[in-house]
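I'll drop the sequence and a predicted model, then ask my questions.
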Amino acid sequence: MLHTVSKSPFSHSALDECAKFATKGSPILLIEDGVLAAKPGTKYEEKLKAVIEKNSVYALLPDIKARGIGKLIDGVKPIGYDGFVELVEQHKVVSWV
Amino acid sequence: MKFAIQVLEGPYTHQASDSAYSFVKAALDKGHEIVRIFFYHDGVINVTDKADPPQDDRNIYNQWAELGKEKKIDIVACIAASKRRGIVDSNIVEGTRISGLGQLTDMAIEADRLVTFG
Amino acid sequence: MNEQETTEQNDENIKKIMFLMRKAPHGSIYSYEGLETVLIVAAYDQDVTMAFIGDGVFALVKDQDTDDIGIKGFIKTYPVLEQYEIEKVYVDRQSMTERGLTVDDFAIDVIVKDSDEIATLIEDQHAVISY
């Protein structure tokens, strides 16, 4: 499954829940406020690095740019909407809203 | 492939409508078929024709109307959720319609992929 | 068409659909409208699973009295799931215990599963609808 997460990890449990219920190797895509988890230097950084050990983590580039996030945590792959569609071609989707 | 899209939040208040719209356009560009876009919870507000958003920003309602009219995508607002929120047949943008949760069920069964925005 | 062919054809048409119930009741409508959806989908004879995770477990707590908040309660609707042949009603163990709940607190019988069991079930679904 592809897991999408659209909420900030600082105010919602969506990413924590997603990490708990995503099997090893399932890709996770951060969209909307979810991309905030990919910003380096936050209290969530270590948690996200642990998630990256278990799952591929992607972040939607338009949402990253919209929030003025420059560099991402190592291992997070930025993709566009075309990449989002490609991931959906390859996997069914669970949306953590 | 056949994609089904669910939108669970209202326009402007949440980014869900915008993300769904961008995803649908990207999917169409890649030649995929959108079986249906189904609005539930506050998502049904996306089809009202009573809104008058500022001119200097995107008009979410017109975006859905265009997808419905020009791309002939089936855009459906759940009737139960619509009644609860004052969305009625006589006041929805062209290219959209109001129908039952059976439409959600059908699209979940028929489509290869169901993507939810909320 | 002989009976075996009909059965195989019918099995292909039955899809696994999971509902992830993640939200507590009453503070928002997601739990209630989510249940409404499940009851409609139940009529379509698909292979339906409901998984209560996170705050979703609070939706099942018995003796909810919503009179004083002026909202129509829906805990009495849950027993109907059995009549609709929705038997795969799972609760995430960790979500339940983190919130100080046990199966005795619930209005209906549920099957308690660990998170990794639910994760595996999720992988198996044709569609996952989260509320």
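Done, it's in. Numbering: from 1, shown residues only, chains lettered A, B, ... in the order given.

Check the gap between the residue of chain B found nearest chain A and C:Arg22 for me.
Closest approach between chain B and chain A, counting by C-beta to the nearest C-beta: B:Gly118, at 3.3 Å. (Each C-beta comes from the backbone N, C-alpha and C, glycine too.) With distances taken as C-beta to C-beta, to the nearest Å, B:Gly118 is found 11 Å from C:Arg22.

follow-up on the earlier one: for the residue of chain B closest to chain A, grab the count of nearby residues.
25 (other C-beta atoms under 10 Å in any protein chain shown).

And for C:Ala43?
The burial metric for C:Ala43, expressed as a neighbour count using other C-beta under 10 Å, is 11.

mind listing what the spatially most central residue of chain B touches?
Within chain B, the residue whose C-alpha comes closest to the C-alpha centroid is B:Ile37; the distance, by C-alpha atoms, centre = their mean, is 4.5 Å. The contact partners of B:Ile37, by C-beta atoms under 8 Å, 6 or more residues apart in numbering or on different chains, come to B:5-7, B:20, B:24, B:64, B:67, B:73-76.

can you pull the contacts of residue 34?
By default, I'm working from chain A. By C-beta under 8 Å, 6+ apart, the neighbours of A:Gly34 are A:4-9, A:14-15, A:59, A:63.

that answer is for a different chain, and I need it for chain C
The neighbourhood of C:Gly34, defined by C-beta under 8 Å, 6+ apart, consists of C:19, C:21, C:23, C:131.

hang on, A:Ile69 packs against A:Ala37?
No: with contacts counted by C-beta atoms under 8 Å, A:Ile69 stays clear of A:Ala37, the gap being 10.2 Å.

Comparing those two, which residue is more hemmed in?
Neighbours were counted for A:Ile69 and for A:Ala37 using other C-beta under 10 Å; A:Ala37 has more, 26 against 17.

shared neighbours of B:Gly118 and C:Arg22, which are they?
C:Ser130.

restrict the contacts of B:Ile37 to those near chain C?
Checking the contacts of B:Ile37 against chain C by C-beta under 8 Å from any C-beta of the partner chain, the ones in range are B:Gln6.

Which of the contacts of B:Ile37 fall within helices?
Secondary structure of those is defined by DSSP state H; positions in helices are B:20, B:24, B:64, B:67.

Now render those residues as TSV, adding pLDDT, neighbour count and distance to C:Tyr84.
Output for the ones in helices among the contacts of B:Ile37, formatted as TSV (pLDDT from 0 to 100; neighbours: other C-beta atoms under 10 Å in any protein chain shown; distance: C-beta to C-beta, whole Å):
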residue	pLDDT	neighbour count	distance to C:Tyr84
B:Ala20	98	26	30
B:Val24	98	26	33
B:Trp64	98	28	33
B:Leu67	98	21	34
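
For chain C, state which of these is nearest.
If you rank these by distance to chain C using C-beta to the nearest C-beta, B:Ala20 comes first, at 14.7 Å.

so the closest one touches B:Ile5, yeah?
Yes: under the criterion of C-beta under 8 Å, B:Ala20 is in contact with B:Ile5, at a separation of 5.7 Å.

Need the overlap of contacts for these two.
Both B:Ala20 and B:Ile5 are contacted by B:37, B:115, B:117, under the criterion C-beta under 8 Å, 6+ apart.

Which of those fall in strands?
When the shared contacts of B:Ala20 and B:Ile5 are checked against strands using DSSP state E, the ones located there are B:37, B:115, B:117.

Tell me what the second one is bridged to.
Partner residues in beta bridges with B:Val115: B:Ile5, with DSSP bridges as the criterion.
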